[in-house]
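J.: Sequence and predicted model, in that order:
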Amino acid sequence: MFQDNPLLAQLKKQIQETLPKKEGTIKATDRGFGFLEIDNKDSVFIPPNYMKNVMHGDRVMAVIRTEKEREVAEPQELIEQKLNRFIGRVKMIRDRLHVVPDHPQLKEAIKARPVKGLNPELLKEGDWVVAMLTRHPLVGDNKAFFCDIKEKITDSNDKIAPWWVTLARHDLPNAEPAPQASWSMLDEGLERQDLTDVPFITIDGESTKDMDDALYTVVKEDGSFEITIAIADPTSYISVGDKMDDEARQRGFTIYLPGRNIPMLPRELSDELCSLLEDEKRPTICCRVTVSADGVIQDDIHFFAAWIKSQGRLSYDNVSDLLENGECEGWAPNAIIEEQIRALHKFANARSAWRANNAVVFPDRPDYRFELSEDNDVVAIHTDPRRTANRMIEEAMITANICAGRALRDKFGLGVFNYHNGFNPEKLDTAMEFLTNAEAPFEKEALLTLEGFSALRRWLNDQDSPYLDNRLRKFQAYSEVGNTPAPHYAMGLDAYATWTSPIRKYGDMINHRLLKALISGQAPTQTPDDTVGDEIALHRRNHRMAERDVADWLYVRLLKNAVKEATVFTAEIFDINRAGMRVRLLENGAAAFIPGSLILDNKARIECSGDLGIINIDKVKEYQLGDQFEVTLAEVRTATRQLVAKPVKQFPDLTTEAPADNATATDEPVKA
């Protein structure tokens, strides 16, 4: 009506100019209405008819008025458009092409057209596509949303859709780099020692092809250890700035997804020429260092280039069986290899004990592995515990990275360093309140030091409940990567620079080139610039999100019958917010959300506190971070790949039943 009558439209505009305006972010709901989330955490209701002009996540300026005795927001001006490039599914409405965004809060079909060169006849109902939003109702004279379909990802019924769609969503490659016609080693001016007669061993998973580390350990008469860590050398084939180097930097990492991986380097390098295959001569960069009997890394850190030949391609399970059970059924190493296994085991025990007493050791958590059929259906999820051999390799690699961190710090004052700053300075006071209430024996000033923070982490590991540890993690800084040396508080280490996975990490390739300069005495062919940390962090974030997204998709496939079958799982709380709690199902690693209404459908009796990390019922603490309890699945949302769970334990309805006196000694009211 207003659009058809210029006078009325002008009058509406004048009235709106007199009304208050607020800036905020759109929060959509699944019932058509939404909210304008203001910066100060206030929110204003947005009726369904106004929500048609915005999308979840848009930053807008809205007019605030009262309608039917309720304050409402009408978005007027788009400040920042949330949706630009997006993934969606084709939907035909009256024979017209539309795309429905693949997003939990975006359910409306958007009118669409294919870009030039994309045949519309290839697009069928339900097909997965990449689209770009080109029109927004709050911009110019646009009256509706509109998008261009940039490319088709895959068909609607493709069982490989979880991988292709996820990679497209995060703009990640879906194949390894193209192979080269031939590979030649570079002339780097390095003198390589011939260690092909030394009995190096590799320990990896049964199916691993890109083996990048081999170890040789000697136990000395005084109980100390001399360990040599040999790392595959792909930079001996790839020069700085060439096409393959640029490709590796752009990728950042090998992509590991459930059921498949996408190498950072061509498989000819990662799985063949550089892989430390048994009985194959390979170029490596090595670190040799002495470690005392009580696990202290000595100052005789020595890096050098070498040729090696692995004499034992061993698996985690076989080595673990041998050490844990005294034998491994169907496998027995020869005397030389067994001597290496046992020497490495003693070394790892010494280092682990030192780190447990002087640095930080993280509690072991299992790995969850999807088993897929040949046509990419989920057959099962296997829980792989961290076994003895896994810890042995972990200790050797941590030792190698400590040595590299110290060597690069002392020689160049730069490199690709992993660091962690401990507590976020803005959250330290809040963390101290929790520690003071818990009667923790730490002063604020001590927690600003590496030694003090490490002591706190060790103290937390010794507590009976993981609650305080889980809560304090909310106040810690994030682990970061930079080009200057800095301590890693979360590991309790003075310097840490990874170089042990150059086949899989571009940052490790940079450190290899710096270590080669240290070895040769020449100027480095590459030094890390100020952007390398941000690049690596972005790659890592995208890869982790992709891994999680594929896993969520596969969990929904696997657990589709769990609601009907009322399967009981053990859940562990890892997050609490005002809407409920997020839990991990320990049997398979799946994440599920438990809304407050499925804990107790009475808002007056339940309080979910994200700040405290607890859930109170009738003012009594019932759940806290780190708690484990039994749950069943209430809903499996296939469209959004979400699991909704509910506790097996039910709370009585006080309107029909007297409250049970079930308080225990630990169920104390939580103090503010």
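T.: Everything's here; your move.

J.: Look up how far residue 411 lies from the residue lying closest to residue 575 once chain neighbours are set aside.
T.: Among residues not flanking residue 575 along the chain, residue 582 sits closest, at 4.1 Å (Cβ to Cβ, 6 or more residues apart in numbering). (C-beta placed from N, C-alpha, C; glycine too.) Taking Cβ to Cβ, to the nearest Å as the measure, residue 582 falls 45 Å from residue 411.

J.: any residues touching the one helix or strand residue 248 maps to, and which ones?
T.: Assigned by DSSP states H and E, residue 248 falls within helix 243-251. Outside helix 243-251, the residues that touch it by Cβ atoms under 8 Å, 6 or more residues apart in numbering are 173, 177, 180, 238, 239, 264, 265, 266, 506, 509, 535, 539.

J.: thinking again about what came up before, show me what the residue nearest to residue 575 is bridged to.
T.: On the basis of DSSP bridges, residue 582 is bridged to residue 575, residue 593.

J.: neighbours around it, how many?
T.: Look at residue 582: counted by other Cβ atoms under 10 Å, it has 16 neighbours.

J.: what sits against it?
T.: For residue 582, the contact set (Cβ under 8 Å, 6+ apart) comprises 573, 574, 575, 576, 591, 592, 593, 594.

J.: still on that earlier bit, now that we have the contacts of helix 243-251, can you turn them into TSV and tack on pLDDT and secondary structure?
T.: Below are the contacts of helix 243-251 laid out as TSV (pLDDT from 0 to 100; DSSP: H, G, I helix; E, B strand; the rest coil):
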residue	pLDDT	secondary structure
173	95	coil
177	95	coil
180	87	coil
238	97	coil
239	95	coil
264	96	coil
265	96	coil
266	95	coil
506	97	helix
509	98	helix
535	94	helix
539	95	helix
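
J.: what's the most distant pair in those?
T.: 180 and 535 (24.1 Å; Cβ to Cβ).

J.: So for the two, which sits in the more crowded spot?
T.: residue 535 (17 against 13).

J.: Stretch 404-421: how far from the chain's middle?
T.: How far stretch 404-421 lies from its chain's middle: 24 Å, per Cα atoms, centre = their mean, to the nearest Å.

J.: typo on my end, it should be stretch 132-151
T.: 33 Å.

J.: same check, this time on stretch 143-155
T.: 29 Å.

J.: Begin at 37 from now on, thanks
T.: With the count now opening at 37, the last piece we talked about shows up as stretch 179-191.

J.: buried ones in that stretch?
T.: Of the residues in stretch 179-191, 181, 182, 183, 184, 185, 188, 189, 190 count as buried by neighbour count, 16 or more other Cβ atoms under 10 Å.

J.: Give me the contacts around that stretch.
T.: Against stretch 179-191 from outside (Cβ under 8 Å, 6+ apart): 91, 121-123, 126, 133, 135, 144, 146-151, 154, 158-160, 162-173, 196-197, 200-201, 204.

J.: correct me, but residue 73 touches residue 58?
T.: No: counting by Cβ atoms under 8 Å, residue 73 stays clear of residue 58, with 10.2 Å between them.

J.: now the helices for the stretch 137-286 of the chain?
T.: 197-205, 279-287 (DSSP state H, counting those that start in this stretch).

J.: Return the residues in contact with residue 124.
T.: Residue 124 neighbours (Cβ under 8 Å, 6+ apart): 135, 136, 137, 138, 146, 164, 165, 167.

J.: Go again with 7 Å.
T.: By Cβ atoms under 7 Å, 6 or more residues apart in numbering, the contact set of residue 124 is 135, 136, 137, 138, 165, 167.

J.: how about these in TSV, adding pLDDT?
T.: As requested, the contacts of residue 124 are exported to TSV (pLDDT from 0 to 100):
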residue	pLDDT
135	97
136	96
137	96
138	95
165	98
167	97
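
J.: so which of the residues you listed comes closest to residue 513?
T.: For the contacts of residue 124, the nearest to residue 513 is residue 138 (32.8 Å; Cβ to Cβ).

J.: What separation is there between that closest one and residue 125?
T.: 6 Å.

J.: Specify which residue of those two has the higher count of neighbours.
T.: For residue 138 versus residue 125, neighbours defined as other Cβ under 10 Å are more numerous around residue 125 (20 against 17).

J.: So what does the nearest residue to residue 619 once chain neighbours are set aside have for phi and psi?
T.: Leaving aside its chain neighbours, residue 619 sits nearest to residue 607 (3.8 Å; criterion: Cβ to Cβ, 6+ apart). Backbone geometry at residue 607, expressed as degrees, to the nearest 10, gives phi -110, psi 150.

J.: I figured residue 607 was touching residue 617, is that so?
T.: No: with contact defined as Cβ atoms under 7 Å, residue 607 does not count as touching residue 617 (9.0 Å).

J.: where does the residue lying closest to residue 450 once chain neighbours are set aside fall, phi/psi-wise?
T.: Nearest residue to residue 450, sequence neighbours excluded (Cβ to Cβ, 6+ apart): residue 519, at 5.3 Å. Dihedral pair for residue 519: phi -100, psi 10, per degrees, to the nearest 10.

J.: how about low-confidence regions in the stretch 37-186 of the chain?
T.: Judged against pLDDT under 70, the low-scoring parts of the stretch 37-186 of the chain cover residues 37-54, 76.
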